[in-house]
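Engineer: this one's sequence-less:
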Ligand code: HEM
């Protein structure tokens with residue numbers, strides 16, 4: 001079902017830019033192409049501000065948190081998340097720079113031999129959201145941390161898998177049946193147990209500490225004791241888990257795609273390294289101030305987000321009232337899937353949609369903004385982590401290419417094969433990180 005909707009380009013040429021799909025008790029309306037997605041997300045922003053009731057997400061989040069809540073709960077949690085991330089943003093860059101040192105060190109340990117970079121990258125990226133929400137990072141060899149990262153990755157994979165879709169389509173039956181999807185609930189309990197422990201520790205220390213991280217800020221909000229607000233521990237738990245989940249998988253997947261593309265296109269990697277050598281050199285760490293002077297590297301990262309297409313179908317929305325889209329009547333409660341894939345590969349927008357071509361984002365040697373480039377979606381529920389994700393992508397990527405050249409293992413061809421779930425991630429692959437100079 002998901003792969004069918006995913007192939008939006010083919011479907012739109014066959015069924016038009018808007019069509020509906022039925023699967024069990026689920027009915028979706030899929031919108032394709034930049035104009036139509038923009039019409040729904042931006043011009044009808046208020047109408048498509050809700051999330052539909054997706055049984056699996058309902059089961060684990062119970063309508064709380066950020067990503068699957070609606071109405072007043074969502075508005076309050078989102079406003080708080082945006083303001084708190086902004087207030088903590090002053091330290092983002094420093095945290096990512098510090099973490100990139102650990103990432104470079106752990107990759108150095110591979111001594112140029114083939115290795116799978118998956119969990120080294122996930123650990124580095126996750127450590128950033130852990131520092132922001134929990135106030136601390138974890139050692140890459142910490143077994144508990146690695147176990148949580150594996151649970152997180154598998155949960156996301158299972159939610160978007162065939163089993164997850166079957167559960168969402170037939171929840172009343174599936175709720176009673178065994179199957180691999182049961183692991184979602186076991187993993188979720190483990191993740192909840194861990195975060196509850198972190199929250200309990202923060203509560204003990206709250207009076208002595210300044211509000212240094214997301215959980216502290218949230219607990220101070222709960223302490224205000226406003227009985228009409230939705231600041232309570234259940235929402236704190238779900239919001240924290242939302243940030244942990246969304247803040248790890250998406251960005252880490254984008255960085256994995258970036259390394260894979262660099263190994264596959266050595267001449268592009270070489271041009272990025274020339275720019276790094278000219279602007280940053282070998283003696284200091286990259287910073288966000290360098291980005292302006294590095295149009296080629298910025299274009300490569302945007303192209304990675306375009307072809308990597310990490311969140312291919314966006315996150316489903318729901319109509320809060322009756323509306324009309326492309327002349328079709330959509331009643332209140334209609335679930336809408338906005339195909340970001342159809343935008344990223346729209347042949348009316350991109351000169352060479354199916355080719356990895358940083359030139360899509362360059363004009364006369366300068367970075368070129370493209371309107372139809374929405375990896376973080378748009379409208380009321382657009383990704384609140386965009387700034388953080390962009391900081392991580394730039395600093396981690398530049399720090400890695402400053403120190404290593406990524407190559408395919410000898411006699412092994414690189415593949416762009418992927419697994420499609422809520423995210424689109426490369427199948428496990430191995431690379432050599434050859435130290436430079
Ligand atoms: C390359 C990295 C990332 C990509 C491509 C990405 C993409 C997206 C997309 C497409 C959505 C759906 C928005 C919609 O419904 O229209 C989303 C939502 C969301 N993202 Fe991200 N994201 C990334 C990184 C992050 C990070 C680092 C965080 C953590 C701070 C984050 C937190 C969230 C949250 C909480 C939502 C739900 C927002 C809501 O429902 O109001 N994301 N993201």
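Structural biologist: Alright, I've got the coordinates. Since the structure is predicted, the reported quantities are computational estimates derived from the model, not experimental observations.

Engineer: what's around whichever residue of the stretch 251-400 of the chain sits closest to the ligand, how many residues?
Structural biologist: Closest residue of the stretch 251-400 of the chain to the ligand, C-beta to the nearest ligand atom: residue 385 (2.1 Å). Backbone N, C-alpha and C define where each C-beta goes, glycine included. Number of residues near residue 385 (other C-beta atoms under 10 Å) recorded here: 18.

Engineer: Excluding sequence neighbours, find me the nearest residue to it.
Structural biologist: Leaving out its chain neighbours, the residue that sits closest to residue 385 by C-beta to C-beta, 6 or more residues apart in numbering is residue 247, at 5.8 Å.

Engineer: ok, and for the strand or helix carrying the one you found, which residues are buried?
Structural biologist: Assigned by DSSP states H and E, residue 247 falls within helix 233-264. If you call a residue buried by 16 or more other C-beta atoms under 10 Å, then helix 233-264 has these buried ones: 235-264.

Engineer: Summarise which helices and strands the very next helix or strand once past that helix is packed against.
Structural biologist: Remark: after helix 233-264, the chain's next helix or strand is helix 266-279, criterion DSSP H and E. Packed against helix 266-279 by the contact rule (3 or more C-beta pairs under 8 Å, 6 or more residues apart in numbering; DSSP states H and E) you find helix 233-264, helix 295-308, helix 386-403, strand 404-407.

Engineer: for helix 266-279, which positions count as buried?
Structural biologist: Applying 16+ other C-beta under 10 Å to helix 266-279 flags 268, 269, 271, 272, 273, 275, 276, 279 as buried.

Engineer: what does the model give the nearest residue to residue 66 once chain neighbours are set aside for pLDDT?
Structural biologist: Leaving aside its chain neighbours, residue 66 sits nearest to residue 242 (4.4 Å; criterion: C-beta to C-beta, 6+ apart). Residue 242 is assigned 93 on the pLDDT scale.

Engineer: need the contact list for residue 242.
Structural biologist: 61, 65, 66, 67 (C-beta atoms under 8 Å, 6 or more residues apart in numbering).

Engineer: Now do the strands in this structure.
Structural biologist: 18-23, 26-31, 317-318, 323-325, 328-330, 335-338, 362-363, 366-367, 404-407, 418-420, 424-426, 432-435 (DSSP state E).

Engineer: among these, where is the model least confident on average?
Structural biologist: strand 18-23 - the lowest mean pLDDT of the strands of the chain, at a mean of 82.

Engineer: mind listing what's buried in that strand?
Structural biologist: Residues of strand 18-23 classed as buried by neighbour count (16+ other C-beta under 10 Å): 18, 19, 21, 23.

Engineer: angle of that strand against strand 26-31?
Structural biologist: Relative orientation of strand 18-23 and strand 26-31, computed by axes from the mean of the first three to the mean of the last three C-alpha atoms, to 10 degrees: 160 degrees.
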